[in-house]
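Colleague: fold the following, please.
(3 chains)
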Amino acid sequence: MNNGYTDPILAWYEANARDLPWRAPSATPWGVLVSEIMLQQTPVSRVLPVWHEWTARWPTAAALAAEPSGEAVRAWGRLGYPRRALRLHGSAQAIVERHGGEVPSSHEDLLALPGIGSYTAAAVASFAFRQRHAVLDTNVRRVFARLLSGDEYPPKSQTKAEVAQAESVLPLDPPTAARWSVAVMELGALVCTARTPRCVDCPVLDRCTWHLNGRPAYDGPPRRGQTYAGTDRQCRGRLLAVLRQAEGPVEKPALDIVWSDALQRERALDTLIADGLVDPLEDGRYALPG
DNA sequence: TAGTCGTGGAC
DNA sequence: TGTCCAAGACT
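Modeller: Numbers count the residues shown, from 1 in each chain, chains lettered A, B, ... in the order given. This is a model prediction of the structure:
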């Protein structure tokens, strides 16, 4: 059980964990699920205010499921990747229809919900239900790459070896495994960061393979940087922002003015409609989905 | 499987 | 100032 990493990281977590509301004893499985979806590719600081709004307005899955999906998209605000709002609304409906309104506790049932992949299913089962699962997010993968493999960064896509590695150091006792998982995530978020790790604050520095090897620089293929200006994604964001801010349906010119390239604009609008994020009304106006 | 999908803060 | 990055999922 004790591999030399477990105790120092758990002790570090007890002393240094952030006081986040979805970690409070009063947090419900639904609150945990909402937080996990919002936190996908999105920093904690931006999630906090939206999470408070959501859980106050929709304290249960049933409360959200009773609303039009467009309300979820509107309340998503500027968190980004708004399809997550649609999928969270879909998850709420599925939880009501298939699970009597209670967030399911099994990894399999969680995985079957829209917008929930292997990471989020493991995270909810672990953090909300104190089960034992290997929780592999970007933080955990980076910590293990450095600590165990001696690499500055993990592979671009998750490998079976990484899963086996994570399971090999996962404490056997389920509640301890759950604390361990969140502790490693927190270590990656606060100390073992991507850009400039704060190794002086690391509780397992003397056991870190990467550090012991002299912190060799990453030598793999270049990790692609994402350009954004001028992309369809930016265009979609502009169009959807118009609809979020409007009180009701909008006329086409209100959308046209936020993006000059007509061809790209029409293409982006089509994809928003195809995604179910925008509803083209029969009178020619556009609205958030009902 | 590699591309797509938002947004904004940090350095 | 531009690049990098943030608790991924889906196709």
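Colleague: helix or strand for residue A:10, which one?
Modeller: helix A:6-16 (DSSP states H and E).
Colleague: ignore the last one, residue A:123
Modeller: Going by DSSP H and E, residue A:123 is part of helix A:118-127.
Colleague: mind giving me the packing neighbours of whichever helix or strand comes after that helix?
Modeller: For helix A:118-127, the following helix or strand on the C-terminal side (DSSP H and E) is helix A:138-144. Counting contacts by 3 or more C-beta pairs under 8 Å, 6 or more residues apart in numbering; DSSP states H and E, helix A:138-144 packs against helix A:160-168, helix A:174-190. All C-beta spots, glycine's among them, are computed from the backbone N, C-alpha and C.
Colleague: of the ones you listed, which is nearest DNA strand B?
Modeller: Nearest to DNA strand B, of all those, is helix A:160-168, at 10.5 Å by C-beta to the nearest atom of the strand.
Colleague: what residues of the closest one count as buried?
Modeller: Residues of helix A:160-168 classed as buried: A:162, A:165, A:166 (neighbour count, 16 or more other C-beta atoms under 10 Å).
Colleague: just stretch A:195-214 next, same as before
Modeller: A:197, A:202, A:203, A:204, A:205, A:207, A:208, A:210, A:211.
Colleague: for the closest residue to residue A:250 other than its chain neighbours, list each beta-bridge partner.
Modeller: Once flanking residues are discounted, residue A:250 sits nearest to residue A:286: 5.7 Å by C-beta to C-beta, 6 or more residues apart in numbering. Residues in a beta bridge with residue A:286, per DSSP bridges, are residue A:250, residue A:280.
Colleague: next to DNA strand C, which bits of the stretch 151-290 of chain A? Give me the list.
Modeller: Those residues of the stretch 151-290 of chain A that sit near DNA strand C, judged by C-beta under 7 Å from any atom of the strand, are A:185, A:186, A:188, A:189, A:193, A:194, A:195, A:223, A:225, A:226, A:227, A:228.
Colleague: least confident of those residues?
Modeller: On pLDDT alone, residue A:225 ranks lowest of these, at 66.
Colleague: can I assume the residue nearest to residue A:250 is in contact with residue A:277?
Modeller: No: using C-beta atoms under 8 Å, residue A:286 is not in contact with residue A:277, being 10.5 Å away.
Colleague: who touches the residue of chain A found nearest DNA strand B in this structure?
Modeller: As assessed by C-beta to the nearest atom of the strand, DNA strand B sits closest to residue A:237 within chain A, at 1.5 Å. Neighbouring residues of residue A:237 by C-beta atoms under 8 Å, 6 or more residues apart in numbering: residue A:80.
Colleague: is it located within a strand, as I assumed?
Modeller: No: applying DSSP: H, G, I helix; E, B strand; the rest coil, one finds residue A:237 to be helix, outside a strand.
Colleague: could you pull up the residues touching residue A:17?
Modeller: So residue A:17 contacts A:23, A:182, A:183, A:186 (C-beta under 8 Å, 6+ apart).
Colleague: for the helix or strand harbouring residue A:55, buried residues please.
Modeller: Per DSSP H and E: residue A:55 is located in helix A:44-57. For helix A:44-57, burial by neighbour count (16+ other C-beta under 10 Å) applies to A:47, A:50, A:51, A:54, A:55.
Colleague: which of those residues lies closest to DNA strand C?
Modeller: So of the buried residues of helix A:44-57, ranked by how close each gets to DNA strand C (C-beta to the nearest atom of the strand), first place is residue A:47, at 8.4 Å.
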